[in-house]
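Chemist: Could you look at this predicted model? Sequence included:
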Amino acid sequence: MSDADTFKVTVLAPEGILWIGQAEMLVAPGALGQFTILPRHIPMISLLEAGSVLVHEKKTGVPPQAFDITHGVCSVLPTEVVVLGHLRG
């Protein structure tokens, strides 16, 4: 797995660290609609609304990691994404 094909993802909540790893894609419920992050994405920050953050690892046949949130913030850099979210429930 090439570093150019993945990026580091950290998913945090008030409860603590939920997930850290390498991903090939992340899908999140942004305040202006759902968005997708791929490797080498331009830097951005987005508010998150209620929905699921899906982290797709580069493993064949493995379903994405899903985190159901009520709201949060997503910070994106070309090689790293940090999701700060409040878990639903």
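Modeler: It's in.
Chemist: switch to C-alpha atoms for all contacts and neighbour counts from now on
Modeler: OK.
Chemist: got the contact list for the residue nearest to the spatial centre of the chain?
Modeler: Of all residues in the chain, the one closest to the mean position by CA atoms, centre = their mean is residue 26, 4.6 Å from it. The contact partners of residue 26, taken as CA atoms under 8 Å, 6 or more residues apart in numbering, are 36, 37, 38, 53, 54, 55, 56.
Chemist: Was I right to think the second one contacts residue 29?
Modeler: In other words, residue 37. No. Counting by CA atoms under 8 Å, residue 37 sits too far from residue 29 to count as a contact (11.5 Å).
Chemist: Show me where the protein has its strands.
Modeler: 7-13, 16-23, 25-30, 33-37, 44-48, 51-56, 65-77, 80-87 (DSSP state E).
Chemist: now those strands as CSV including mean pLDDT?
Modeler: Below are these laid out as CSV (pLDDT from 0 to 100):
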stretch, mean pLDDT
strand 7-13, 98
strand 16-23, 97
strand 25-30, 98
strand 33-37, 98
strand 44-48, 98
strand 51-56, 98
strand 65-77, 98
strand 80-87, 98
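Chemist: Need the max-distance pair from the contacts of residue 26.
Modeler: 38 and 53 (13.8 Å; CA to CA).
Chemist: Which one of these two is surrounded by more residues?
Modeler: residue 53 (24 against 17; other CA atoms under 10 Å).
Chemist: Excluding sequence neighbours, find me the nearest residue to the residue nearest to the centre of the chain.
Modeler: residue 55 (4.6 Å; CA to CA, 6 or more residues apart in numbering).
Chemist: State the distance from the one you found to residue 30.
Modeler: 15 Å (CA to CA, to the nearest Å).
Chemist: same check, this time on residue 13
Modeler: From residue 13 over to residue 30 (counting by CA to CA), the distance is 17 Å.
Chemist: between residue 55 and residue 30, which one's more packed in?
Modeler: residue 55 (24 against 21).
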